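**Q** When you get a sec, could you give me coordinates for this:
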Amino acid sequence: MKKAVLFLMVLSATALMAQQGAGDATPAGTVQTSINFPTERVITPNASDLYWAGFVSKPLGSKNDFVAGGLESPFSTRFANGEAIYLNGKYEAGQQYTIVRELVDPNRYELFQGQWSALKAAGQPYEELARVQVIDTRGKMAVARVEFSCDTVLSGDYVVPFVDKPTTAFHAPMRFDVFAPASGQVSGRIILAKDFDSELGTGGKVYLNIGSSQGLKVGDFLRATRTYEATARDAVESVSFRANTKEPTQTKATVVNPSFLDMNRCTWATASSSTSNSFYNFCSDFGKEKSFPLFCAFARSLVTRTPFHQRHRTPRLW
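**A** Numbering: from 1, shown residues only. Okay, here's the model as predicted:
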């Protein structure tokens with residue numbers, strides 16, 4: 001069972017110029033292939049992506065503006081396109097408003113350690129449900145018509161002013177550097193996804209713990225990375241690290257350092273052979289070692305390994 005596919009990814013802000021066009025020169029020390037320089041094709045968001053993606057922000061200032069019910073209440077409890085609903089509060093006839101829902105996930109399982117505290121620090125998650133137009137303000141409550149709904153509206157959902165969101169210009173297909181070194185720019189974390197999803201792909205909506213206060217603006221592109229250490233901390237995903245991958249005809253085989261899985265420490269690992277006094281030292285420092293950090297120890301079969309524990313920097317995929 002896979003979990004937290006995206007929530008454990010670290011984000012590093014990447015300006016558009018950090019990627020290369022199809023005709024740009026290949027960076028020094030690299031060979032251009034479809035593996036390390038695939039072509040990135042961005043799908044331009046549509047109206048549904050812009051207006052119904054949801055958001056995380058400070059709690060609403062006023063909670064007196066909410067949906068009180070509908071024309072067919074109490075026999076109907078969910079309202080959608082074309083239906084009339086009653087709004088508590090003061091409104092102006094002819095004006096448009098957005099219906100939002102204050103969210104809470106009844107499943108309190110954390111997709112990464114500290115997820116709920118990180119979300120609390122970022123703000124309150126809201127789902128954008130529908131756009132309505134007020135058509136009558138003569139009564140004690142205003143009457144509104146649901147013009148467009150992405151999800152059904154319920155009594156208790158909140159009403160906020162409708163804000164027009166201009167379409168963002170997206171770049172043409174370009175070359176994406178998969179193994180680009182860290183840029184040193186602002187970084188953050190994916191703390192939640194729309195509908196509380198844990199596995200996302202193209203078109204998925206995610207919420208970050210960084211924003212305009214850190215210099216981000218609409219139209220910025222970011223790259224997502226995940227460390228091997230994050231997978232090692234997962235009780236299910238880490239099982240694959242412990243699998244025996246040795247082939248019977250191999251005289252040498254790589255093994256995952258047990259300390260990497262059990263204590264999240266990089267170690268020196270030495271291996272000796274009964275017929276040789278040679279030693280093999282590997283994984284001295286993730287920052288200096290160019291090989292994949294997963295294989296922290298290298299040993300011959302039927303040898304004794306003596307680990308020497310050493311604190312390490314967090315291993316990164318690139």
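
**Q** buried stuff in stretch 72-89?
**A** For stretch 72-89, burial by neighbour count (16 or more other C-beta atoms under 10 Å) applies to Phe79, Ala80, Glu83, Ile85, Tyr86, Leu87, Asn88. In short, each C-beta sits where N, CA and C put it, glycine included.

**Q** typo on my end, stretch 126-139
**A** With burial defined by 16+ other C-beta under 10 Å, the residues of stretch 126-139 counted as buried are Tyr126, Glu127, Glu128, Leu129, Ala130, Arg131, Val132, Val134, Thr137.

**Q** ok, now stretch 25-36?
**A** By neighbour count on 16+ other C-beta under 10 Å, the buried set for stretch 25-36 is Asn36.

**Q** Any idea how far it is from the middle of the chain?
**A** How far stretch 25-36 lies from its chain's middle: 27 Å, per C-alpha atoms, centre = their mean, to the nearest Å.

**Q** cool, and stretch 40-51?
**A** How far stretch 40-51 lies from its chain's middle: 17 Å, per C-alpha atoms, centre = their mean.

**Q** which residues touch it?
**A** Contact partners of stretch 40-51, identified using C-beta atoms under 8 Å, 6 or more residues apart in numbering, comprise 19, 98, 128, 131, 150, 165, 167-168, 170-171, 173-176, 202-203, 205.

**Q** same thing but 7 Å
**A** Glu128, Cys150, Lys165, Thr168, Phe170, His171, Pro173, Met174, Phe176, Thr202, Gly203 (C-beta atoms under 7 Å, 6 or more residues apart in numbering).

**Q** Could I have the buried ones of the residues you listed as PyMOL selection syntax?
**A** Buried residues among these (16+ other C-beta under 10 Å), as a PyMOL selection:
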select buried, resi 128+150+174+176
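
**Q** Direction included, what does the top strand by length along the chain pair against?
**A** Ranked by number of residues, the top strand in the chain under DSSP state E is strand 124-136. Here strand 124-136 has these sheet partners by DSSP bridges: strand 55-57 (antiparallel), strand 96-102 (antiparallel), strand 142-149 (antiparallel).

**Q** Now render these as a markdown table, adding mean neighbour count, distance to Lys246 and mean pLDDT.
**A** Listed next are these as a markdown table, based on neighbours: other C-beta atoms under 10 Å; distance: least, C-beta to C-beta, whole Å; pLDDT from 0 to 100:
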| stretch | mean neighbour count | distance to Lys246 | mean pLDDT |
| --- | --- | --- | --- |
| strand 55-57 | 14 | 47 | 93 |
| strand 96-102 | 19 | 53 | 97 |
| strand 142-149 | 20 | 57 | 97 |
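
**Q** quick one: which of these is nearest Phe66?
**A** Nearest of the strands paired with strand 124-136 to Phe66, taken as C-beta to C-beta: strand 96-102 at 9.1 Å.

**Q** what comes up buried for whichever helix or strand comes after the closest one?
**A** Heading C-terminal from strand 96-102, the first helix or strand you meet, by DSSP states H and E, is helix 115-122. Residues of helix 115-122 classed as buried: Gln115, Ala118, Leu119, Ala122 (neighbour count, 16+ other C-beta under 10 Å).

**Q** can you state the direction angle for helix 115-122 and strand 124-136?
**A** On the basis of axes from the mean of the first three to the mean of the last three C-alpha atoms, to 10 degrees, helix 115-122 is oriented at 50 degrees to strand 124-136.
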